[in-house]
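>>> Kindly generate the corresponding structure for this input.
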Amino acid sequence: MKFIQTLRVAVIPILTVLSLLSASNKALADYLTSQGSGGNSRYELWSTDDNSYYYLKIWSSEASPNSEPYYTSRAFTSTGEALIYFDCNYAGKNLPECQNVQ
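Predicted coordinates for the structure are as follows:
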């Protein structure tokens, strides 16, 4: 009987910790928001699942769909900011917003 009580005391906390770790890994998953192209490049716009930041994965328009991106951008606070960055730096657009994008 004492063995079963000891087992319960040891197993329940371990299972609880494993469950929390599993849940936190799922919560940190990024997801694809949109994709597009412009100029000689194409992009995928990714977001954290809490939408706290966005980033771009950028390829040459001739690159294989399964290839690694040649550039992954810094974090942006909005989708608009990320897409303006792409338009100004990769799609070759001359937008008024491009003066503030680096």
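>>> In contact with the nearest residue to residue 78 once chain neighbours are set aside, which residues?
Excluding its sequence neighbours, the residue lying closest to residue 78 (C-beta to C-beta, 6 or more residues apart in numbering) is residue 54, at 6.8 Å. For every residue, glycine as well, the C-beta is placed using N, CA and C. Applying C-beta atoms under 8 Å, 6 or more residues apart in numbering to residue 54 gives the contacts 33, 45-48, 75-79, 81-82.
>>> could you redo the last one with a cut-off of 6 Å?
Applying C-beta atoms under 6 Å, 6 or more residues apart in numbering, we find residue 54 in contact with 47, 76, 79, 82.
>>> and the third one, how many neighbours?
Counted with other C-beta atoms under 10 Å, the burial measure for residue 79 works out to 14 neighbours.
>>> okay, it: pLDDT?
Looking at residue 79, its pLDDT is 94.
>>> now the first one
Taken from the predicted model, the pLDDT recorded for residue 47 is 95.
>>> isn't there a strand covering it?
Yes. With DSSP: H, G, I helix; E, B strand; the rest coil as the criterion, residue 47 is part of a strand.
>>> follow-up on the earlier one: phi, psi for the residue nearest to residue 78 please.
Backbone dihedrals for residue 54, given as degrees, to the nearest 10, come out at phi -130, psi 150.
>>> could we number from 376 for the rest of this?
Yes, from this point I'll number from 376; that puts the last item at residue 429.
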